[in-house]
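Trainee: have a look; sequence and predicted model below, questions after that.
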Amino acid sequence: MANQNCPRSTQQAALLLLYNAKRLRKGDDGWQRRGNGTQAAVIDSAHFSEVYGKPRVKSIGPKLIPFLNTVCIYFILWLPSSEPSWFSALIKCLPILSLGIFLLAYSVSIGAMNSYSKRILLGLLFSAGGDVCLIWPQFFLHGMVMFGIAHLLYITAFGMRPLKLKIFLVFALLGGTLYFIMHPYLQEPFLYTVGIYTALICIMGWRALARVKLSSYGWSWTRAYSAIGAITFMVSDCTLAVDRFCMPLPYARAIVMGTYYTAQMLIALSIIDTSTDYGDDNLLWKKK
């Protein structure tokens, strides 16, 4: 069975061949002699990443500068929410648009954009649309719809394998408890839309956390980023929901926006080194 950790792009495959050829000439210990006298490579993925991955890792920081700058601008200006305007909408959604540009720049730098990255990018764009809608209170429901679509895109990106039903039960319990608490405060049309939205964000958290493998062999920081990002997103939305529908919370806006921008950044960072199209390979309905 093919190793799923092997790079799939032509560029990565060429680098791997060059890497192994150099090790062969140097008599590297990673090459082991078989019984028939031939030599076969033991692919040390950690060593390979160390040799060829450093330039890629170093290139991430500068690409995030626009996002960090726009987040600082949002908190420095701190435009009053009581005075909605298109300028406020632009300032609010600029960090998310910057993450979209980061994603595109990273994809261009590696010469490919897989289905996982495409779905995360679409999720960011719908999130930016939701940010614009939430500036005006009368469009709050429209904003929920936009963010609901973003969560659906993130769910399809994270995939449905492995299921890990125990994690699902935990998130179902959390979501059900939150909705039970908010239910007495909800009125039409939010009585049902909040329930649907709560289910979507809990499913997103479940699917993001289910992808994380704690073993040293299967550990991936990019999957950890998406899991932490999804949970942080849940904290942001829970704070917003309680503040809007139940009771005012101190520093609610700062908590909501701080956790929201952090969550989106972590989810965007999960595209790094996603050599496998998780959104395709992990779907339950994928044909064998």
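Mentor: Everything's here; your move.
Trainee: alpha carbons only for contacts and neighbour counts from here, please
Mentor: Noted.
Trainee: which other helices and strands contact the helix or strand containing residue 95?
Mentor: Take DSSP states H and E as the rule and residue 95 turns out to sit in helix 86-110. Here helix 86-110 touches helix 60-77, helix 115-135, helix 252-269, going by 3 or more C-alpha pairs under 8 Å, 6 or more residues apart in numbering; DSSP states H and E.
Trainee: pLDDT averaged over it - what is it?
Mentor: What helix 86-110 shows for mean pLDDT is 96.
Trainee: quick one: that helix to chain centroid distance?
Mentor: Taking C-alpha atoms, centre = their mean, to the nearest Å, the mean C-alpha location of helix 86-110 is offset from the chain mean by 14 Å.
Trainee: not counting that helix itself, show me its contacts.
Mentor: Contact with helix 86-110 is made by 60, 63-64, 66-68, 70-71, 73-74, 79, 113, 117, 121, 124-125, 127-129, 131-132, 135, 261, 264-265, 268, 271-272, as judged by C-alpha atoms under 8 Å, 6 or more residues apart in numbering.
Trainee: so what's residue 44 scoring on pLDDT?
Mentor: In this prediction residue 44 is given a pLDDT of 45.
Trainee: correction: residue 215
Mentor: 78.
Trainee: quick check: it vs residue 168, distance?
Mentor: Distance, residue 215 to residue 168, by C-alpha to C-alpha, to the nearest Å: 20 Å.
Trainee: and those two? Which one has more around it.
Mentor: Ranked by neighbour count (other C-alpha atoms under 10 Å), residue 215 and residue 168 place residue 168 first, with 18 against 8.
Trainee: count the residues that sit near residue 93.
Mentor: Residue 93 has 22 neighbours, counted by other C-alpha under 10 Å.
Trainee: swap in residue 86?
Mentor: Neighbours of residue 86 using other C-alpha under 10 Å come to 11.
Trainee: ok, residue 181 next?
Mentor: Should you count by other C-alpha under 10 Å, residue 181 turns out to have 13 residues around it.
Trainee: kindly report the same for residue 221.
Mentor: A count of neighbours around residue 221, defined by other C-alpha under 10 Å, yields 14.
Trainee: please name the residues that touch it.
Mentor: Contacts of residue 221 (C-alpha under 8 Å, 6+ apart): residue 270.
Trainee: so for it, what's the pLDDT?
Mentor: 91.
Trainee: same thing with residue 41?
Mentor: The model reports residue 41 with a pLDDT of 42.
Trainee: related to what we said a few turns ago, can you redo the helices and strands packed on helix 86-110 as JSON lines with mean neighbour count?
Mentor: Output for these, formatted as JSON lines (neighbours: other C-alpha atoms under 10 Å):
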{"stretch": "helix 60-77", "mean neighbour count": "15"}
{"stretch": "helix 115-135", "mean neighbour count": "22"}
{"stretch": "helix 252-269", "mean neighbour count": "20"}
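Trainee: mind checking these for the one nearest to residue 234?
Mentor: With C-alpha to C-alpha as the criterion, residue 234 lies closest to helix 252-269 of the helices and strands packed on helix 86-110, at 8.8 Å.
Trainee: which strands or helices does the closest one pack on?
Mentor: Contact analysis of helix 252-269 by 3+ C-alpha pairs under 8 Å, 6+ apart lists helix 86-110, helix 115-135, helix 221-241 as its packing neighbours.
Trainee: now it: average pLDDT?
Mentor: On average, helix 252-269 scores 98.
Trainee: going forward can the numbers begin at 27, since that is how I track them
Mentor: With 27 as the first residue, the last one maps to helix 278-295.
Trainee: next, the angle from that helix to helix 141-161.
Mentor: Interaxial angle of helix 278-295 relative to helix 141-161 (axes from the mean of the first three to the mean of the last three C-alpha atoms, to 10 degrees): 160 degrees.
Trainee: ok, and what's touching helix 278-295?
Mentor: Here helix 278-295 makes contact (C-alpha under 8 Å, 6+ apart) with 97, 121-122, 125-126, 129, 146-147, 150, 248, 251-259, 261-263, 265-266, 269.
Trainee: CA atoms only for that helix, dumped as PDB, please.
Mentor: Presented in PDB, the C-alpha positions along helix 278-295 are these (Å, rounded to 0.1, in the frame of the first residue of the first chain):
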ATOM      1  CA  ALA A 278     -17.900  40.700  24.800                       C
ATOM      2  CA  ARG A 279     -16.900  42.400  21.600                       C
ATOM      3  CA  ALA A 280     -13.100  42.200  22.400                       C
ATOM      4  CA  ILE A 281     -13.500  38.500  23.300                       C
ATOM      5  CA  VAL A 282     -15.600  37.700  20.300                       C
ATOM      6  CA  MET A 283     -13.300  39.400  17.800                       C
ATOM      7  CA  GLY A 284     -10.000  38.300  19.400                       C
ATOM      8  CA  THR A 285     -11.000  34.700  19.400                       C
ATOM      9  CA  TYR A 286     -12.600  35.000  16.000                       C
ATOM     10  CA  TYR A 287      -9.500  36.300  14.200                       C
ATOM     11  CA  THR A 288      -7.300  33.800  16.100                       C
ATOM     12  CA  ALA A 289      -9.500  30.900  15.000                       C
ATOM     13  CA  GLN A 290      -9.600  32.000  11.400                       C
ATOM     14  CA  MET A 291      -5.800  32.400  11.300                       C
ATOM     15  CA  LEU A 292      -5.300  28.900  12.800                       C
ATOM     16  CA  ILE A 293      -7.700  27.300  10.300                       C
ATOM     17  CA  ALA A 294      -5.900  29.200   7.400                       C
ATOM     18  CA  LEU A 295      -2.500  27.900   8.700                       C
END
